[in-house]
Structure formats: C-alpha cells, structure tokens
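Undergrad: missing the sequence, but the structure's below:
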C-alpha cells in the first residue's frame, strides 16, 4: 500500500499578471501529492511557472485558490536557482544564516566532500563556488523534501557526479528542475509536467517523459482536427513544432554518428592529438585552426601539456573537464585570445567568430523584442537571409505576438533564448559557446541542438552538460586536470569510455600482487610472505573479506544489468496503465537493486583500500 503524502496541494490556482498562471476557473485547479520517497522531475517551458510552483510548495507564497496540506514535522528545503549572497561576507555566513540554519559541522562535512572553502568571500566567489555553498547549506539541513532548482548550473563534472551519488543515497523525497537530461534520467522515478496551466503526473522517470509527451500531443492533434483551421494553427503550432523538431533531430543524430566515424578515422589508434588524413593536403586546406605543440603553465602548475590539433571547417568541438582543469585556457589559446608558452596557433584569415559566454549580460529590460532583434523594424538578417521578425521568433519557440513585449516581462530563461536568437542571426563561420545550456529549458536545448547541427561553420563548445555534448559534438577535447588533453572522436560518453580503457590497460600492465596461496596450513586471514613484511596487502583480509573482494565486482555488474533492464521497462509509458501491478513490482525491485548496488560498491571500495594499503 502506498504511503500517505507528506505534502499536498488540492485545487491549486494562482493568478499572475492579470491572468491565471495555472488552475484557471472553471477548471477544478491542479492537484499535487508528494510521497515520502518520491523522486520527481518537474518539466515545463521557461515561463510555465516551475519555480513559482516550488515557492507554493514551500509556502513562501499562497495560492489564490486551493488547499495546502503538510504532514507535521516535514522539513522542506529549497535550493534556489540564484540565491542571494549579497548580505553575507563569506560563503559560511550564507550557509549559517537564518532561523533554520544547519549545524556548522554538518555544513563543513558536506563542503569538504565537494571541495569548497567556506571562508571564501562572497563578493569574490565564482558561480561554481556559490552553487556548491548553497548545496552544502541545503543538504546539511536534513530535509524530508528537497526542492532543487537547476542544481547543476555552474557545477563541474566532478561536483555533478558527487551530487548524483548523494541523491541516490538520499532517503527523503525530492523535486528537481533541470535542463541536464543525464542528471534527470539517472535520478528521477516520476515526472510532473507543467504545461499551459495544467499539471500532469506520470509514474515514469525522465527517461520516459518524451514518449509520454508525444502521446499527449498526438491526442491533442487528433482532437484539434475537429477545430477549424485557424484555431488549429493558433493553438497547436508550437506543440507540433516541438514534435517535428525532435523527429528532425533524430535524422541529425544519425548524420552526427557518420561525422564522428569519419573523424575517428583521422585520429590514430592511440588517441594522440595529432590528426592524420588520407589526403593530407585536402585536410590542411580545410583547416581553420591549427595548433602545433601548444602548452600553457601558470607558475609551477602545468595547465596544458604540449599537444597538436587541426580543426576543420564544420567541426563541432566539445571541451570538457572539471573546474580548474584548463578548459577556458584551452579555448582562449585555440581562438587566439591567449598566447601559448610553446608552439603556435594559426587561425584561417577568413575566420569570423561569434562568442556566447556563460556570463551573458542582461538585455536592456526596457527594450522590446523587436528592438533587440530587428532594431525596431519588421525584418532581420539571419546569416545573410532576410526574415520577418515574427516568423523568426517562432523558430525560437516564441509566440509571434510577443514581438512588442518588453524584455523585462520575460523570465531569465526566455531572455537567454532571445539573446541566442540575436546572436545566431549574425554572419559568422566560427561559433564559440561557453556553457550555453545554463537557464535554458529542454525545448530550447532541442532547438539549440538543431541550430548547431545546421550551422555551416565551426563550433567550439565548453559545457558540463553531458547529454548536450553527446548530441552535438564530433570531437571531444577531454581535460582530466593533469594537463593532458584527450582528443576523442565523439561526445562525453566516448571520452569516459576512453578513460576507462586507459585505466584498464594500466591495471593490466601493472597488476596488483596475487593473493597468498591457501594450501595446507595457510589461512587467508593471517599475514604471510611479502604482505607480512610490508604490513599491507591482501593478507589483511579475512576469508569473508577475500571472498567479497573477489565476488562483488561480478555482482555489481549483474545489478547494473538488472537496473538497466528495469529502467528500460519503466520507460514504456503504457506500462503503468496496462499493468499497474507489474509496474509496482518492477519499481520495488529497482529500489532494492539500487540499494544493494550502493552497498556493494561501498563494501568493495572499502576492501580495495585495504588491499592497496
């Protein structure tokens, strides 16, 4: 039997700007029920009211109709997208502020795991440091219900993976708003979809969301056939556009695989940075950026070890790595903004670039969309092609009627979309994107993927968004913090696979010492031989420890297969309605398998540390 909810909203309605944001009469309003172990993805376009719904859940604001119920003693903690640090001298001051502040030692423990110095001044802290400090405060409060608004913004890959691991072990409920598809797929078990004033819930994680969305839109399209043509166009152009865009992107992905295969043929088997081509003269003629033996150090620290790279016209290069690994340094060297310590970078004379960075300045809130895009006129030149500004707005998922609305009336994500529309219209043959996915909703990410795929020039992308890189880039430059630059044909997952292969090869080349023989008179829990003399090694393990150390890796692999099969089954949007009992069995089995896998991994790591001393 399902556990009772820890929080409910029944018949919720909220007015905003003279109209109803959701729950408009004569509807009965929207209903929301959150269970004690729910893992919910909250999906909706920018401006749909996702953050507002979180504020209603916390009780920060009240609805205009409906009833909010909270189980007594429930601790609700909200990680805001842009928390205000201005009143706090240091990051620790921020973390300990307020009547509901966590204990200092709890904050320090989590901050230590994330590698953040809490005595850092708020005024000089980076976006990533502030985000990790806000996470430390939120997680240290021991929430029963955790609300996460774009938690991966400004985090590097290491911090994102740490947060994923923490949430997998979390015993409470959480609701997350995120544009990071990989993050959502790995963590969520049900989806809340806020769409045109309605809230739908589906007992399937984000992995099954798009199939569910397609079903809903297909049903609406069938119903729309009963309407007259004008109403059909006005009410459904956007939804059908999203569906068509996703189908087109499937074709673009197929083309991307072909491009990656061709690029892989240019990279030698060892994965070195020097690229080879059957026709070297042809390759050189297409090169737009040529880096020869470039390196960079700051003081004693080597940021980029010497490497070479030729970037061709049409290449889409992803640059990935943890904060401080040298991504921005590498990007600046490749674009000629920063001189290398050794080697040289040659740029094609015809190269003309547009850069969209993560510190996008706010557009003038008093200007209209027409003024920003078309300087107040009706037409805009889009890379040499003249388009009507209202038609161009539709390309970026805006209703054409907003053309004369002021920028200040749009959400942060919508402003980012307007800025992208303006920048992509400029004539260029080099596009540089520094963390382009921050503040964008999923539909806009689909659109951004499409624009990049159709862009005829060369693209350089610095991003922590793993799924976005997998969908867009042909070559990944991976930085692991040691100064080495891996050049891999493909996206983020291809780089991860390369690192795993290299790690496995290193272990095969230098295997750990064999366990002591267990013949007559020998016991595995007694020291002997070399292990006895060194005081470390496998001889420290008891018989049970030794068995666990040897058998757990196979069991972990088996659990991973079970989890993958279960997630694939739950991704079927028809399963819940066609066989709810089977859905419940699979869900329960998945929960047990994930818990066993977490425990097995922790146990094996503990034993591995004992073995390695």
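TA: Cool, got the structure. None of these values were measured; they are calculated from a predicted model.
Undergrad: residue ranges with poor pLDDT in the stretch 351-500 of the chain?
TA: 357-362 (pLDDT under 70).
Undergrad: whoops, the chain was the one
TA: In the chain (pLDDT under 70), the answer is 1-2, 224-250, 266-285, 357-362, 510-541, 543, 571-574, 576-577, 609, 611-613.
Undergrad: give me the residue at the spatial middle of it.
TA: residue 180 (2.6 Å; Cα atoms, centre = their mean).
Undergrad: so how far is residue 295 from the closest residue to that residue other than its chain neighbours?
TA: Among residues not flanking residue 180 along the chain, residue 152 sits closest, at 4.7 Å (Cβ to Cβ, 6 or more residues apart in numbering). No exception for glycine: its C-beta is placed from N, CA and C like everyone else's. As for residue 152, its distance to residue 295 is 31 Å (criterion: Cβ to Cβ, to the nearest Å).
Undergrad: with neighbour numbers in mind, choose between these two.
TA: residue 152 (25 against 17; other Cβ atoms under 10 Å).
Undergrad: so that one, which state does it fall into?
TA: Following DSSP: H, G, I helix; E, B strand; the rest coil, residue 152 is assigned to coil.
Undergrad: contacts only, for it.
TA: Counting by Cβ atoms under 8 Å, 6 or more residues apart in numbering, residue 152 touches 160, 163, 178, 180, 183, 464.
Undergrad: please list the members of those that lie in helices.
TA: 160, 163, 183 (DSSP state H).
Undergrad: could these go into JSON lines alongside neighbour count and distance to residue 603?
TA: Shown next, in JSON lines, are the ones in helices among the contacts of residue 152 (neighbours: other Cβ atoms under 10 Å; distance: Cβ to Cβ, whole Å):
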{"residue": "160", "neighbour count": "19", "distance to residue 603": "25"}
{"residue": "163", "neighbour count": "21", "distance to residue 603": "22"}
{"residue": "183", "neighbour count": "25", "distance to residue 603": "26"}
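Undergrad: okay if I get those residues as CSV plus distance to residue 308?
TA: Formatted as CSV, these follow (distance: Cβ to Cβ, whole Å):
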residue, distance to residue 308
160, 30
163, 36
183, 34
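Undergrad: which of those residues lies closest to residue 472?
TA: residue 183 (17.2 Å; Cβ to Cβ).
Undergrad: if we ignore the residues flanking it in sequence, what's nearest that closest one?
TA: Nearest to residue 183 is residue 152, by Cβ to Cβ, 6+ apart, at 5.6 Å.
Undergrad: and for residue 37?
TA: Per Cβ to Cβ, 6+ apart, closest to residue 37 is residue 173, 5.9 Å.
Undergrad: please apply the same query to residue 484.
TA: residue 305 (5.6 Å).
Undergrad: so the nearest residue to residue 384 once chain neighbours are set aside is in which element?
TA: With sequence-adjacent residues excluded and distances taken as Cβ to Cβ, 6+ apart, residue 384 is closest to residue 427, at 5.8 Å. In the assignment (DSSP states H and E), residue 427 maps to no helix and no strand.
Undergrad: count the neighbours of residue 427 for me.
TA: 12.
Undergrad: is it in contact with residue 352, as I believe?
TA: Yes - between residue 427 and residue 352 a contact is recorded at 7.2 Å, counting by Cβ atoms under 8 Å.
Undergrad: that older thread, contacts only, for the residue nearest to residue 384.
TA: By Cβ under 8 Å, 6+ apart, the neighbours of residue 427 are 352, 381, 383-384.
Undergrad: farthest pair within those?
TA: For the contacts of residue 427, the farthest-apart pair by Cβ to Cβ is 352 and 381; their separation is 14.7 Å.
Undergrad: report how many residues lie close to residue 126.
TA: 11.
Undergrad: which other residues reach stretch 64-80?
TA: 4-15, 23, 29-30, 54-60, 62, 134-135, 138, 141-149, 151.
Undergrad: I'd say the residue nearest to residue 484 and residue 481 touch.
TA: No - look at residue 305 against residue 481 with Cβ under 8 Å: they stay out of range, at 11.5 Å.
Undergrad: look at those two and report which has more neighbours.
TA: residue 305 (16 against 13).
Undergrad: which SS class is that one?
TA: Once three-state DSSP is applied, residue 305 turns out strand.
Undergrad: coming back round to it: quick one: the residue nearest to the centre of the chain and residue 470 touch, right?
TA: No - if you go by Cβ under 8 Å, residue 180 and residue 470 don't touch, sitting 12.0 Å apart.
Undergrad: quick one: residue 307 and residue 484, what's the gap?
TA: Taking Cβ to Cβ, one finds residue 307 at 8 Å from residue 484.
Undergrad: more crowded one of those two?
TA: Set residue 307 next to residue 484 and count neighbours by other Cβ under 10 Å: residue 307 wins out with 21 against 14.
Undergrad: so what's that one up against?
TA: Residue 307 touches 273, 291, 293-295, 484-485, 487, counting by Cβ under 8 Å, 6+ apart.
Undergrad: inside strands: which ones of those?
TA: Judged by DSSP state E, these include 291, 293-295, 485, 487 as members of strands.
Undergrad: just the helices in the stretch 1-150 of the chain please.
TA: For the stretch 1-150 of the chain, helices defined by DSSP state H, counting those that start in this stretch occupy the ranges 50-58, 91-95, 104-114, 127-139.
Undergrad: any idea of the angle the longest one forms with helix 104-114?
TA: Right, the one you point to is helix 127-139. Helix 127-139 runs at 140 degrees relative to helix 104-114, counting by axes from the mean of the first three to the mean of the last three Cα atoms, to 10 degrees.
Undergrad: give the helix, strand or coil label for residue 155.
TA: Under three-state DSSP, residue 155 comes out as coil.
Undergrad: thought it was touching residue 178?
TA: No - using Cβ under 8 Å, residue 155 is not in contact with residue 178; the gap is 10.9 Å.
Undergrad: how is the chain divided into domains?
TA: 7-220, 255-352+428-508, 512-612 (automatic domain parsing).
Undergrad: what's around the closest residue to residue 608 other than its chain neighbours, how many residues?
TA: What sits nearest to residue 608 in space, not counting adjacent residues and going by Cβ to Cβ, 6+ apart, is residue 549, at 7.3 Å. For residue 549, the neighbour count with other Cβ under 10 Å is 19.
Undergrad: what's the distance between residue 549 and residue 162?
TA: In terms of Cβ to Cβ, residue 549 sits 25 Å off from residue 162.
Undergrad: can you add distance to residue 422 and give the domains of the chain back as TSV?
TA: TSV is the format used below for the domains of the chain (distance: least, Cβ to Cβ, whole Å):
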stretch	distance to residue 422
domain 7-220	16
domain 255-352+428-508	13
domain 512-612	37
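Undergrad: those: which one's closest to residue 374?
TA: domain 255-352+428-508 (18.4 Å).
Undergrad: endpoints of that closest one, how far apart?
TA: Start and end residues of domain 255-352+428-508 are separated by 36 Å (Cα to Cα, to the nearest Å).
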